[in-house]
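Chemist: The following comprises the amino acid sequence and a computationally predicted model.
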Amino acid sequence: MSPVRTAPAELTAKDAELRTRYLAEVLDLLYPPPCRTDGSPGTPIAEYLVVPDARKPRLLVPSGSRRVAAAAVRRYAEPQSRMARLKREAVVAAVRTGASNVLLRDRVRVTGPFSQSIDGHLSEALGRELSVSIHIGPARANRKPVLQLISPDGETFGFGKLGTGPLTQQLVRAETAALISLANSGLSKLTVPRVLHSGKWRGLEVLVQSALPVWLPRAPLSRRRLVAAMLDVAGCCGYTTGALAGSSYWHELRGRLAAVGDRPEGIGLAAAAELLVRRAGDIVFRYGAWHGDWAPWNMATVADALLVWDWERFATGVPLGFDAVHHELQKRIQETADAKDAVEATVRGAAELLAPFGVPVAGREVTALLYLVDLATRYLTDRQAEAGGRPRGVGAPLLPGLGRA
């Protein structure tokens, strides 16, 4: 995987083009004929403000109620910087005061039979009146329509995900199964969403889950509390122990590597994995569950709860400590522009990082490296590059980093 360097302006232009195209695709899925999204005369279903505009759409905000529109913007995502927070609050103020007519000029008007729209389907399935706000994410193989569901009084009560293709349908089904399993697992150190509705609609896989109160004031998160929550998840379906070579985890990973073995990167990853298993020898590892994408943007700490969402990659039977390595790597990538350095620093810190998880000293670096192989295999399996996605640190730096280690 040789690095491809693209100028920021080029990335922005490409992302804007892909978002605009994706917006049209999403509208066609959510409002299929005889519904219309071109402003044609007919029975109105919804009208959306396009934030920030139609050239770079990120969010469709229902404009029928100022209270609902403000909730849609405020609870759309957690800003990662002070500037992003200021921009969000400016948009919230605009929709609350009516200034959105000047600042947000692009709109989408939907007409047609309500019963044929996603609004009608979800309203009937959930038995309540609602408005839908639509998130338009960046290009990724696992990108799917994400809907914020808002009550008439401005309460965000749920989020919906729609699986549209083979990969995203699989992920939506996997998250549904994970949330149902976790609801009965006795977790005590973290809070996860509840399934409000799941099923099919027009061939799409649908999951509606309860909204976690991520808008509450944040509280500090200690390393000890984070580790306790990760251990809570690790043990929620029980543990097994044994050497890597004979583990069900290694059997499963080899199968995934074989599926991408027709690509040079897949061949390199398979060779690295075989080397790691030989290096691990008779070291006894413990295997449990992991979230699969426990990153800073998939969690929030409030006064009395640790909230964790996006469970579509949840799996059991993986070496303990994978969640810790993943979180550390994603945090480092957030803080630095050099993904290669982030990967190598994460591996260097494996001894200290994995100590609380009971990983044998001799197996800690192997665990971190095996996690990298696992993540890179996921990236290849999902065909992220072909989808236009930019992996968070699992592309170009991985194979050289594994080779040096």
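Modeler: Thanks, I have the structure now.

Chemist: C-alpha from now on. contacts and neighbour counts both.
Modeler: Noted.

Chemist: residue ranges with poor pLDDT in the protein?
Modeler: Applying pLDDT under 70 to the chain flags the ranges 1-12, 77-81, 99, 101-102, 139-141, 384-405.

Chemist: now the helices: where do they sit in it?
Modeler: Using DSSP state H, the helices found in the chain span residues 8-30, 66-74, 82-97, 100-103, 118-126, 166-183, 223-234, 248-259, 264-280, 322-335, 339-348, 350-353, 364-382, 398-404.

Chemist: Take those helices and lay them out in TSV including distance to I45 and mean neighbour count.
Modeler: Below are those laid out as TSV (distance: least, Cα to Cα, whole Å; neighbours: other Cα atoms under 10 Å):
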stretch	distance to I45	mean neighbour count
helix 8-30	12	16
helix 66-74	15	23
helix 82-97	20	16
helix 100-103	20	14
helix 118-126	8	17
helix 166-183	26	18
helix 223-234	42	18
helix 248-259	44	16
helix 264-280	47	18
helix 322-335	40	21
helix 339-348	45	20
helix 350-353	52	18
helix 364-382	35	22
helix 398-404	48	16
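
Chemist: out of these, which comes closest to L216?
Modeler: Judged by Cα to Cα, the one of the helices of the chain that comes nearest to L216 is helix 66-74, at 11.4 Å.

Chemist: Run the chain-centre distance for that closest one.
Modeler: Helix 66-74 sits 23 Å away from the centroid of its parent chain (Cα atoms, centre = their mean, to the nearest Å).

Chemist: Need the contact partners of that helix.
Modeler: For helix 66-74, the external contacting residues (Cα atoms under 8 Å, 6 or more residues apart in numbering) are 61-63, 88-89, 91-93, 95-98, 131, 133, 148, 150-156.

Chemist: what angle sits between that helix and helix 82-97?
Modeler: Computed by axes from the mean of the first three to the mean of the last three Cα atoms, to 10 degrees, the angle separating helix 66-74 from helix 82-97 equals 170 degrees.

Chemist: CA atoms only: put helix 66-74 into CSV for me.
Modeler: This file holds the C-alpha atoms of helix 66-74, laid out as CSV (Å, rounded to 0.1, in the frame of the first residue of the first chain):
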residue,chain,number,x,y,z
ARG,A,66,-38.1,26.1,14.3
ARG,A,67,-37.9,24.0,17.4
VAL,A,68,-37.4,20.8,15.5
ALA,A,69,-34.9,22.4,13.1
ALA,A,70,-32.8,23.7,16.0
ALA,A,71,-32.8,20.2,17.6
ALA,A,72,-31.8,18.6,14.3
VAL,A,73,-28.7,20.9,14.0
ARG,A,74,-27.7,20.9,17.7
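
Chemist: quick one, what contacts Y239?
Modeler: Per Cα under 8 Å, 6+ apart, neighbours of Y239: 286-288, 317.

Chemist: Alright, calling it a day.
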